[in-house]
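Visitor: Return a 3D structure for these sequence lines:
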Amino acid sequence: MKKNLLVLGFILLTSFSVYAEGTREAVAPIGSPSFSRKVLIATEATQFKDALVKKLVELLTDGKTYIQVIDHSGDGLIGVDPRQYGAVLVINSGAQAQVRPWVLSWLKSIAAYDANVILLTTQITVWNPPVKVDSVTSASSMPDLDKIAGGLVARVNKLL
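Guide: The predicted model follows:
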């Protein structure tokens, strides 16, 4: 009986892991790269960030805006030139109220032309980011998702 329960538990755990990994949908670029309004959203995979990106894409999709979503984890920002976009939104996890090291490195590398970069760090402690770009912090709060997305879209639209 114990052996059967262990096997069943393993099967359920394996199935859930495959399901959880498979639920993150890749966001294909939206619109045409020839559009004059271009937005890059660089994010990480969490339940909140995935929902936020989905809402941001929904709000920004207007038939005139090219939207590209990338995963910035690790080396995802290497080679990204913010001058290719009207606005770049980086959604960063706020682990221990810190900006990810690879995000800081990228921001440092593009400091001469970062006027169109917005950084969101999701955490709730007092935050004094070591960055010069437009920065926002919020809790990863699903009930506040529409409010957070609306505020970010307003900032993006000011740049476009």
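Visitor: how about the nearest residue to the residue minimising distance to the centre of the chain, chain neighbours excluded?
Guide: For the chain, residue 43 is the residue whose C-alpha lies nearest the centre (Cα atoms, centre = their mean; 2.3 Å). Counting by Cβ to Cβ, 6 or more residues apart in numbering, residue 91 is the residue found nearest to residue 43 once chain neighbours are left out, at 4.2 Å. All C-beta atoms are positioned from the backbone trio N, CA, C, and that covers glycine.
Visitor: did I read that right, the one you found in a helix?
Guide: No - Residue 91 is assigned strand when assessed by DSSP: H, G, I helix; E, B strand; the rest coil, not a helix.
Visitor: Could you give the bridge partners of it?
Guide: Note on residue 91: beta-bridge partners by DSSP bridges are residue 120.
Visitor: ok, now which ones touch it?
Guide: 41-44, 49, 52-53, 120, 122 (Cβ atoms under 8 Å, 6 or more residues apart in numbering).
Visitor: what's the answer for residue 88, then?
Guide: 39-40, 42, 80, 82, 116-118.
Visitor: ok, those residues vs residue 105, which is closest?
Guide: Set against residue 105, the nearest of these by Cβ to Cβ is residue 80 (11.9 Å).
Visitor: The closest one: neighbour count?
Guide: The number of residues packed near residue 80 is 18, by other Cβ atoms under 10 Å.
Visitor: for it, phi and psi?
Guide: phi -80, psi 120 (degrees, to the nearest 10).
Visitor: For it, give me its contacts.
Guide: Per Cβ under 8 Å, 6+ apart, neighbours of residue 80: 40, 42, 70, 88, 106, 110.
Visitor: and the contacts of residue 88 as a markdown table, adding pLDDT?
Guide: Below are the contacts of residue 88 laid out as a markdown table (pLDDT from 0 to 100):
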| residue | pLDDT |
| --- | --- |
| 39 | 97 |
| 40 | 97 |
| 42 | 95 |
| 80 | 95 |
| 82 | 97 |
| 116 | 96 |
| 117 | 94 |
| 118 | 92 |
